[in-house]
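K.L.:
Quick one: sequence plus predicted model below, questions after.
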Amino acid sequence: MLRKIAASMVVLLAGLPACGGGGGGGSSPSPYTGLTTPAVITTSNADNIARQAFQGGDLGASTTLAPARSGDTPKATGKPMALTLVRLLSGAASAVFPIPVPTAVRAPQPRSTETGTRFDRQGIGWVDYTLNGNDQTGQFTGTFVFTNFHGDGGGVINGPVGVSGTATQYSIQFLFDFRSVHIVDPAGGEDVTAFGTVNMTMDMNTMTVSGAVTLDMIFVDNSTHKTLWLSNVTLVDILGTGTSEVTLSGRIYLHDFGYVDMATPAPFLYLAGNSYPSGGQFVATGKDNNKVRLTVVDSTQYLLDVDTNGDNIWELTAVVMYW
């Protein structure tokens with residue numbers, strides 16, 4: 001059935017309803033409980049805001065949901081949580097939808113259902129799936145149930161995730177719906193519950209993510225109970241030979257500070273096997289156009305610039321910081 005769906009050609013997208021409150025529509029209260037006003041960026045909090053906004057709930061950075069910049073220790077990873085989550089989901093999708101996919105359109109059937117189990121690439125965890133597909137339109141709905149499923153970008157996921165979308169001859173569009181899913185990082189010691197949606201498209205020939213991914217996700221730290229909200233954040237991950245380039249844009253709500261708007265003037269460059277970027281630049285803008293800019297020097301350090309009065313002039317410049 002999966003190959004029949006993949007070979008069909010349609011233009012419609014079927015989606016499951018998003019979670020309530022900040023993470024999507026519906027009547028349920030939002031899991032986000034932090035400040036919802038624009039963040040007031042100062043020279044004293046600029047580093048915390050820049051790192052939290054860039055890492056976006058990163059599972060390897062305990063400072064993200066519980067700021068403790070002074071005297072903290074280096075964390076297991078410097079990748080944005082959005083990237084970790086997207087790579088985890090794309091790994092599951094590529095495991096469930098086999099390649100290569102035949103290009104010939106199969107004889108349509110009104111409805112078909114498929115269930116099965118696929119292991120992660122480490123052979124440790126798995127995903128049980130149930131998909132209800134229309135082989136004539138390519139639309140499908142169903143559920144992925146994760147059990148200790150390991151993602152390529154780090155993190156381990158447990159729990160059910162709703163999935164829906166449309167398969168064409170060339171691509172598959174997915175909408176993943178998180179209602180209360182447990183995600184941990186054993187190396188970094190993170191433990192969060194995730195709510196919200198991830199919308200992505202994958203190339204049919206390679207089963208890799210193509211184009212931008214949109215995330216509307218809320219993470220609740222299961223230790224501190226602090227929250228972080230990626231509000232319609234866009235992530236682009238361009239894979240090269242031994243490298244990847246990552247950009248982030250959109251609004252992120254930081255529990256203790258409020259929201260900032262993110263931009264990536266220069267993509268973050270990750271070399272294969274490195275957890276921290278080797279290049280890139282990131283800007284977070286808060287209340288009254290105040291800004292903080294994070295510029296990566298190498299995989300160990302970055303420069304911090306701060307505009308404290310919104311005049312587009314950096315009052316604090318080139319402060320060397322370490323991950």
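P.N.:
Everything's here; your move. Numbering: from 1, shown residues only.

K.L.:
Do a quick rundown of the helices in this structure.
P.N.:
2-7, 46-55, 81-96 (DSSP state H).

K.L.:
Number of residues surrounding residue 245?
P.N.:
Counted with other Cβ atoms under 10 Å, the neighbours of residue 245 add up to 18. Heads up, the C-betas are built off the backbone N, CA and C, glycines and all.

K.L.:
Likewise for residue 233?
P.N.:
A count of neighbours around residue 233, defined by other Cβ under 10 Å, yields 21.

K.L.:
Spatially central, which residue of this protein would that be?
P.N.:
Among the residues of the chain, the one closest to the centroid is residue 82, at 2.1 Å (Cα atoms, centre = their mean).

K.L.:
and the gap between the nearest residue to that one once chain neighbours are set aside and residue 80?
P.N.:
The shortest distance from residue 82 to any residue that is not its chain neighbour, by Cβ to Cβ, 6 or more residues apart in numbering, is 4.7 Å, and that residue is residue 235. Going from residue 235 to residue 80 by Cβ to Cβ, to the nearest Å gives 7 Å.

K.L.:
got it, and residue 126?
P.N.:
From residue 126 across to residue 80, the span is 26 Å (Cβ to Cβ).

K.L.:
ok, these two, which is more surrounded?
P.N.:
When residue 126 and residue 80 are compared on other Cβ under 10 Å, the one with more neighbours turns out to be residue 80, at 28 against 18.

K.L.:
Next one: the nearest residue to residue 310 once chain neighbours are set aside, what pLDDT does it get?
P.N.:
The shortest distance from residue 310 to any residue that is not its chain neighbour, by Cβ to Cβ, 6+ apart, is 3.3 Å, and that residue is residue 289. Residue 289 carries a pLDDT value of 97.

K.L.:
Residue 289: neighbour count?
P.N.:
Residue 289 sits with 13 neighbouring residues when counted by other Cβ under 10 Å.

K.L.:
so who does it touch?
P.N.:
Counting by Cβ atoms under 8 Å, 6 or more residues apart in numbering, residue 289 makes contact with 307, 310, 312.

K.L.:
Name the member of these with the most neighbours.
P.N.:
Scoring the contacts of residue 289 on neighbours with other Cβ under 10 Å, the highest-scoring entry is residue 307 at 23 neighbours.

K.L.:
Would you mind confirming that residue 249 makes contact with residue 265?
P.N.:
No. When contacts are counted by Cβ atoms under 8 Å, residue 249 is not listed as touching residue 265 (10.4 Å).

K.L.:
Between the two, which is the more surrounded one?
P.N.:
Taking neighbours as other Cβ under 10 Å, residue 249 and residue 265 compare with residue 249 leading, 14 against 11.

K.L.:
confidence score at residue 253?
P.N.:
Spelled out, the predicted local distance difference test score at residue 253 is 96.

K.L.:
tally of neighbours for it?
P.N.:
One way to gauge burial is a neighbour count; for residue 253, by other Cβ under 10 Å, it gives 23.

K.L.:
Kindly report the same for residue 205.
P.N.:
A total of 13 residues lie near residue 205 under the criterion other Cβ under 10 Å.

K.L.:
Output the below-cut-off pLDDT ranges for this structure.
P.N.:
Filtered on pLDDT under 70, the chain yields the residue ranges 1-28, 57-78, 98-111, 153, 186-189.

K.L.:
so what's residue 242 up against?
P.N.:
Contacts for residue 242 (Cβ under 8 Å, 6+ apart) come out as 271-272.

K.L.:
Kindly check the end-to-end length of stretch 179-197 for me.
P.N.:
Between the opening and closing residues of stretch 179-197 we find a distance of 9 Å, counting by Cα to Cα, to the nearest Å.

K.L.:
Done for today, thanks.
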